[in-house]
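K.L.:
what follows is a predicted structure for the sequence shown.
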Amino acid sequence: MSTHAVPVEKYHGTGNDFLVVDADVRSVRDRAAFARTHCDRETGVDPESFGGESGSHRRGADGVLFVSVEDRYRPTRVVMTLVQPDGSTAAMCGNGARVVARWAHDRTGDHEFMIDTQAGTRRATVSTDGTEATIEMGTPAFAPRAVPVARDDPLIEESIEGLTVSAVNTGVPHAVAFVNGGRDAATGVGSADGIDAVDLETVAPPVRHADVFPEGGNVNLAAVVDRGSSGDEATGRELPVIDQRTYERGVEGETRSCGTGAVAIAAVAARLGLIDGDTVVVRPPGGELTITVPDGEQATLTGPVAHEFSGRVTADPR
Ligand SMILES: N[C@@H](CCC[C@H](N)C(=O)O)C(=O)O
């Protein structure tokens, strides 16, 4: 094992936490080994050893974002690659893209970026105070080849390994299952038979590995808490609210938030007619995201991003 150290920044977007590494610092030779080691929840990067607030941040991470900035373009271009805790690379990560936008903002002071991902180039904007980021997420795709699912018709509300799911690609493949009963807004605690009562670590893996998903899939549970109302000029509009839980491919477990998953839930809810309008508040366990899913157009994902700590970790932990 080399003792060479590489600078890292830790950020999270609604609890989906990432180590960010400047890809121009070309010292990480094996990105998969780096992610496997430093993302481990038991033995990975420890916030306390970097002076992070004890107890408020978790050890390890949901992935490593390798990022490079190309500031000769306007808006500034940022290239991002997500390497996950199992060493795999994901084409897109919604919360990761929000973190990347904030990281690039912290470096450059800019508020607008074009982020190059393996799923395409996405426009990102960071709020004036830097605490919130919005990403254009592309158009959610239900076509079997786009998801991909191994069948001829879109997979909508069909039973797969015991869950009734719909399949959609929002940069990466997602299965979305609606259940009854969200978590209580005041306490954050689910009802005895609602979304938080489901044993996700048991029900999700068979769907995540089902033959119908040739590249695997992320598995989302969703519960419509409020379908929203169109309101009127005087009273304004009540946005729909949906609770979210996601079991992520690559993490192979439940995360506190998943941005592409939140967009997938909003897209499926709109397609199934479960919500009024095309803007929805999605509530993963780690916070609140606002999603827009205009029919046949780019979706957007908006939510808070926070910096946790900076430090240096072993570049070559093999
Ligand atoms: N947490 C991410 C999704 C990351 C990719 C996913 N685990 C996959 O392998 O498809 C998000 O915020 O979108």
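P.N.:
Yep, that arrived.

K.L.:
contacting residues around residue 159?
P.N.:
Going by CB atoms under 8 Å, 6 or more residues apart in numbering, residue 159 touches residue 165. C-beta coordinates here come from the backbone N, C-alpha and C atoms, glycine included.

K.L.:
if I look at it, how far off is the ligand?
P.N.:
For residue 159, the distance to the ligand (CB to the nearest ligand atom, to the nearest Å) stands at 22 Å.

K.L.:
now do residue 283
P.N.:
Residue 283 is 14 Å from the ligand, by CB to the nearest ligand atom.

K.L.:
assign residue 37 to helix, strand or coil.
P.N.:
helix (DSSP: H, G, I helix; E, B strand; the rest coil).

K.L.:
tell me if I'm right that it and residue 314 touch.
P.N.:
Yes. Counting by CB atoms under 8 Å, residue 37 does reach residue 314; the two are 7.5 Å apart.

K.L.:
run the chain-centre distance for stretch 115-134.
P.N.:
Centroid separation for stretch 115-134 versus its chain: 13 Å, with CA atoms, centre = their mean, to the nearest Å.

K.L.:
rewinding a little: more neighbours, residue 37 and residue 314?
P.N.:
Neighbours were counted for residue 37 and for residue 314 using other CB atoms under 10 Å; residue 37 has more, 22 against 16.

K.L.:
am I right that residue 25 sits in a helix?
P.N.:
No. Going by three-state DSSP, the assignment for residue 25 is coil, not a helix.

K.L.:
each with direction, which strands does the longest strand seen in the chain pair with?
P.N.:
Assignment by DSSP state E gives strand 300-314 as the longest strand of the chain. Strand 300-314 has the following strand partners under DSSP bridges: strand 5-13 (antiparallel), strand 132-136 (antiparallel), strand 289-292 (antiparallel).

K.L.:
residue 28: neighbouring residues, count only.
P.N.:
A count of nearby residues for residue 28, using other CB under 10 Å, gives 22.

K.L.:
how much space separates residue 72 from the ligand?
P.N.:
Relative to the ligand, residue 72 is positioned 28 Å away (CB to the nearest ligand atom).

K.L.:
contacting residues around that residue?
P.N.:
By CB under 8 Å, 6+ apart, no residues touch residue 72.

K.L.:
now residue 302
P.N.:
132-135, 289-291.

K.L.:
got it, and residue 244?
P.N.:
Neighbouring residues of residue 244 by CB under 8 Å, 6+ apart: 220-222, 257-258, 261-262, 265, 282-285.

K.L.:
looking at these, spot the one nearest residue 193.
P.N.:
Proximity of the contacts of residue 244 to residue 193 (CB to CB) peaks at residue 221, which lies at 12.9 Å.

K.L.:
make JSON lines out of the contacts of residue 302 and add distance to the ligand, pLDDT and neighbour count.
P.N.:
Output for these, formatted as JSON lines (distance: CB to the nearest ligand atom, whole Å; pLDDT from 0 to 100; neighbours: other CB atoms under 10 Å):
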{"residue": "132", "distance to the ligand": "15", "pLDDT": "98", "neighbour count": "18"}
{"residue": "133", "distance to the ligand": "12", "pLDDT": "98", "neighbour count": "27"}
{"residue": "134", "distance to the ligand": "14", "pLDDT": "98", "neighbour count": "19"}
{"residue": "135", "distance to the ligand": "10", "pLDDT": "98", "neighbour count": "32"}
{"residue": "289", "distance to the ligand": "9", "pLDDT": "98", "neighbour count": "29"}
{"residue": "290", "distance to the ligand": "14", "pLDDT": "98", "neighbour count": "17"}
{"residue": "291", "distance to the ligand": "12", "pLDDT": "98", "neighbour count": "29"}
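
K.L.:
wait, isn't residue 21 in contact with residue 28?
P.N.:
Yes. Between residue 21 and residue 28 there is a contact at 6.4 Å, judged by CB under 8 Å.

K.L.:
any residues in contact with both of those two?
P.N.:
Between them, residue 21 and residue 28 share these contacting residues under CB under 8 Å, 6+ apart: 6, 34, 66.

K.L.:
just the ones of the contacts of residue 244 in strands?
P.N.:
The strands, defined by DSSP E, take in 220-222, 282-283 from the contacts of residue 244.
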